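From the sequence below, what's the structure:
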Amino acid sequence: MDANEILKTKKTYAVIGVSQDESKYGYEVFHILADNHYKVYPVNPKYTEIDGIHCFPSVSALPEEPEVIIIVLAPHNTLKTIENLVPFKKTVFWLPPECWSDEALNKLNQSGLTYIYDICPVGKLKGF
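Residues are numbered from 1 along each chain as shown. Sure thing, here's the model as predicted:
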């Protein structure tokens, strides 16, 4: 499955690492998905809301299982996060540039999870 296919067929997303800071990548990813009419859940235990939208402390706290989880964290935090997401077997994991490591990819492979990496969802949605 490639990024274009994911964006065409998957409608429910979670963004782990979303930020209230408009200059941060997590904020940009969240908003471009929302602006393109995807159902998107912000996930960050630091916040209760992002621009008036309820922010969840974890993926397990979401009201439904997302079809795609985009992890916008530093690579060492991505690895720790993946270890907690292994039960989400039906979900596609998306690790944008600078948010993944070889260790994280190995963990995804060992866990049998579906993923793409090193592709920017913002660029894809803007047509880059």
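
rest of the way, CA atoms for contacts and neighbours
Fine.

In what element of secondary structure is the spatially most central residue of the chain found?
Centroid-nearest residue in the chain: Ile70, 1.2 Å away (criterion: CA atoms, centre = their mean). Secondary structure from DSSP states H and E places Ile70 in strand 68-71.

Describe which strands that strand pairs with in its sheet and in which direction.
Applying DSSP bridges, strand 68-71 is found paired with strand 12-16 (parallel), strand 92-95 (parallel).

tell me what the next helix or strand after the shortest one is packed against?
Beyond strand 92-95 on the C-terminal side, the first helix or strand identified by DSSP H and E is helix 102-110. In terms of contacts (3 or more CA pairs under 8 Å, 6 or more residues apart in numbering; DSSP states H and E), helix 102-110 is packed against helix 75-85.

Give me the packing partners of the helix it packs on, helices and strands only.
helix 102-110.

immediately after the helix it packs on, which helix or strand?
Remark: after helix 102-110, the chain's next helix or strand is strand 114-117, criterion DSSP H and E.

Can you add mean neighbour count, mean pLDDT and distance to Ser58 and give the strands paired with strand 68-71 back as a markdown table?
Listed next are those as a markdown table, based on neighbours: other CA atoms under 10 Å; pLDDT from 0 to 100; distance: least, CA to CA, whole Å:
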| stretch | mean neighbour count | mean pLDDT | distance to Ser58 |
| --- | --- | --- | --- |
| strand 12-16 | 24 | 98 | 8 |
| strand 92-95 | 23 | 97 | 15 |
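
would a markdown table of these with distance to Asp118 be doable?
Output for those, formatted as a markdown table (distance: least, CA to CA, whole Å):
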| stretch | distance to Asp118 |
| --- | --- |
| strand 12-16 | 16 |
| strand 92-95 | 6 |
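
between those strands, which one is nearest to His37?
His37 sits nearest to strand 12-16 of all the strands paired with strand 68-71, at 9.9 Å, using CA to CA.
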